[in-house]
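Chemist: Sharing a sequence plus its predicted fold:
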Amino acid sequence: MIQKEEAHKFNDEHELRHNHSQHSPDSATSRGALLFSFFLITGFMIVEFVGGLLTHSLTLLSDSGHMLSDSISLGLSFVAMAVGARVPANSIKTFGYRRFEILAALFNGVLLLVISAWIVIEALLRLRHPAPIMGSEMLLIAVIGFIVNLIVAAILMRGESKKNLNIRSALLHVLGDLLGSAGAIAAALIIIATGWQYADPAASILVSLLIFRSGWQIVSESINILMESRPSELNVDEIRGALANLSGVVSVHDLHIWTITSGFFSLSCHLTVTDHINRDELLYQAEELLGDYNLQHATIQMEGQNFAGCRSDCTHEKRIE
């Protein structure tokens with residue numbers, strides 16, 4: 001009777017943790033922040049693009065291109081989070097559409113790299129053939145852009161930017177654009193004060209470097225997740241040792257840890273256990289331990305000491321770094 005009560009307790013707590021991760025209020029808040037930021041950024045992107053054409057400023061045009069990528073990033077991020085949260089798993093996609101947001105983040109990162117390359121090419125052409133810049137108008141638009149990006153960055157920082165790669169990718173877009181607006185302000189002030197027209201393409205190259213750095217970081221992290229690499233914040237040896245120290249565990253093998261989507265880590269492993277151990281109680285202890293590492297989905301296979309039928313890659317954990 002006691003064992004049944006403990007089993008029911010484990011199942012209830014496991015279901016509670018699962019439901020909390022599926023329907024977190026923080027996720028709804030983050031989606032709202034993304035949607036509001038999308039409309040704000042998209043509106044000013046149009047203003048900045050038109051302003052760049054009127055003032056002949058490549059810095060404003062490149063910044064509007066970055067804001068276009070911001071707009072796409074925010075829109076895709078919102079759709080990805082909404083789809084991942086609302087569309088349930090099925091017999092084909094057993095984890096649902098949770099990784100859709102990683103694909104969106106990868107697309108955002110690649111888009112940043114393309115935009116940065118385009119800006120550099122245009123800047124080099126402008127250095128050869130500089131165009132007259134309307135400094136005062138450029139300064140006004142750049143200041144407004146800086147304020148808009150500052151507001152959006154503050155909104156996104158209130159969300160799950162440390163936990164969610166997709167929100168973090170959108171935030172990095174906006175922060176890069178914030179620095180780009182600062183560069184545009186500096187270039188406009190130089191042009192107004194000295195008339196040095198080369199300040200505009202020089203500032204646009206600086207913007208492109210910021211965009212490239214953000215894009216490279218997002219692409220790298222997205223590929224690591226899609227390749228099922230170990231989450232950077234988890235120490236595999238530490239987790240293996242913690243499991244091995246549980247009472248009744250003889251050894252831990254075939255240990256795999258990967259990321260399903262941002263902040264959702266998964267683990268599978270085999271535990272060789274002593275005979276006559278209460279496996280339900282041991283499983284409960286292992287689940288509790290893994291919960292401390294934010295491992296929301298764990299699959300644990302227990303084997304007796306005389307079990308010799310392991311058909312998995314039971315030496316794989318030796319190659320994990």
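Modeler: The structure has been received and is ready for your questions.
Chemist: From here on, just use CA atoms for contacts and neighbour counts.
Modeler: Noted.
Chemist: got the buried residues for the biggest strand by length in the chain?
Modeler: With secondary structure taken from DSSP state E, the chain has its longest strand at strand 249-261. Neighbour counts using 16 or more other CA atoms under 10 Å place 249-261 of strand 249-261 among the buried residues.
Chemist: M67: which of the residues you listed is nearest?
Modeler: Nearest to M67, judged by CA to CA, of these is T261 at 25.5 Å.
Chemist: Tell me how far that closest one lies from L156.
Modeler: Distance of T261 to L156, given as CA to CA, to the nearest Å: 19 Å.
Chemist: now A184
Modeler: Distance from A184 to L156, by CA to CA: 23 Å.
Chemist: go on, G52?
Modeler: 26 Å.
Chemist: Equivalent analysis for E303, please.
Modeler: 46 Å.
Chemist: So between the two, which is more surrounded?
Modeler: Counted by other CA atoms under 10 Å, E303 and L156 do not tie: L156 has more neighbours, with 24 against 20.
Chemist: ok, that one touching L171?
Modeler: Yes - using CA atoms under 8 Å, L156 is in contact with L171, at 6.2 Å.
Chemist: Low-confidence stretches in the stretch 201-321 of the chain?
Modeler: Applying pLDDT under 70 to the stretch 201-321 of the chain flags residues 308-321.
Chemist: S229 contacts W258, correct?
Modeler: Yes - counting by CA under 8 Å, S229 does reach W258; the two are 5.7 Å apart.
Chemist: pLDDT weak spots in the stretch 51-200 of the chain?
Modeler: Applying pLDDT under 70 to the stretch 51-200 of the chain flags the ranges 80, 84-91, 94-96, 159-166, 169.
Chemist: how about stretch 121-128: buried residues?
Modeler: Residues A123, R126 are the ones in stretch 121-128 that count as buried (16+ other CA under 10 Å).
Chemist: I should have written stretch 214-233 there, sorry.
Modeler: 214-216, 218-219, 221-222, 224-226, 228-231.
Chemist: which residues in this protein form helices?
Modeler: Applying DSSP state H to the chain gives helices spanning 2-22, 25-55, 58-86, 100-128, 135-157, 165-194, 199-226, 236-244, 279-291.
Chemist: if we compare these, which one ends up closest to L267?
Modeler: Nearest to L267 among the helices of the chain is helix 279-291 (8.8 Å), distances taken as CA to CA.
Chemist: CA atoms only: put the closest one into PDB for me.
Modeler: The C-alpha trace of helix 279-291 is given here as PDB (Å, rounded to 0.1, in the frame of the first residue of the first chain):
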ATOM      1  CA  ARG A 279      13.300   0.500  -8.100                       C
ATOM      2  CA  ASP A 280      10.200   2.800  -7.800                       C
ATOM      3  CA  GLU A 281      11.800   4.600  -4.900                       C
ATOM      4  CA  LEU A 282      15.100   4.800  -6.700                       C
ATOM      5  CA  LEU A 283      13.400   6.200  -9.800                       C
ATOM      6  CA  TYR A 284      11.700   8.800  -7.700                       C
ATOM      7  CA  GLN A 285      15.000   9.900  -6.100                       C
ATOM      8  CA  ALA A 286      16.700  10.000  -9.600                       C
ATOM      9  CA  GLU A 287      13.900  12.200 -11.000                       C
ATOM     10  CA  GLU A 288      14.100  14.500  -8.000                       C
ATOM     11  CA  LEU A 289      17.900  14.800  -8.500                       C
ATOM     12  CA  LEU A 290      17.600  15.500 -12.200                       C
ATOM     13  CA  GLY A 291      14.900  18.100 -11.500                       C
END
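Chemist: picking up where we left off before, any chance of the helices of the chain in CSV, plus distance to A298?
Modeler: Shown next, in CSV, are the helices of the chain (distance: least, CA to CA, whole Å):
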stretch, distance to A298
helix 2-22, 11
helix 25-55, 22
helix 58-86, 20
helix 100-128, 21
helix 135-157, 30
helix 165-194, 21
helix 199-226, 17
helix 236-244, 12
helix 279-291, 7
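Chemist: so which of the ones you listed gets nearest S266?
Modeler: Nearest to S266, of those and by CA to CA, is helix 279-291 at 9.8 Å.
Chemist: on that earlier part again, kindly indicate which of the buried residues of strand 249-261 lies nearest G195.
Modeler: T261 (50.0 Å).
Chemist: how many other residues sit next to the closest residue to that closest one other than its chain neighbours?
Modeler: Counting by CA to CA, 6 or more residues apart in numbering, R99 is the residue found nearest to T261 once chain neighbours are left out, at 5.3 Å. Residues lying near R99 (other CA under 10 Å) number 21.
Chemist: Test my guess that R99 contacts G263.
Modeler: No - in this structure, R99 is not within contact of G263 by CA under 8 Å, at 11.4 Å.
Chemist: what are the bridge partners for the residue nearest to L295 when sequence neighbours are not counted, then?
Modeler: Once flanking residues are discounted, L295 sits nearest to F265: 5.0 Å by CA to CA, 6+ apart. Beta-bridge pairing for F265 (DSSP bridges): T259, L295.
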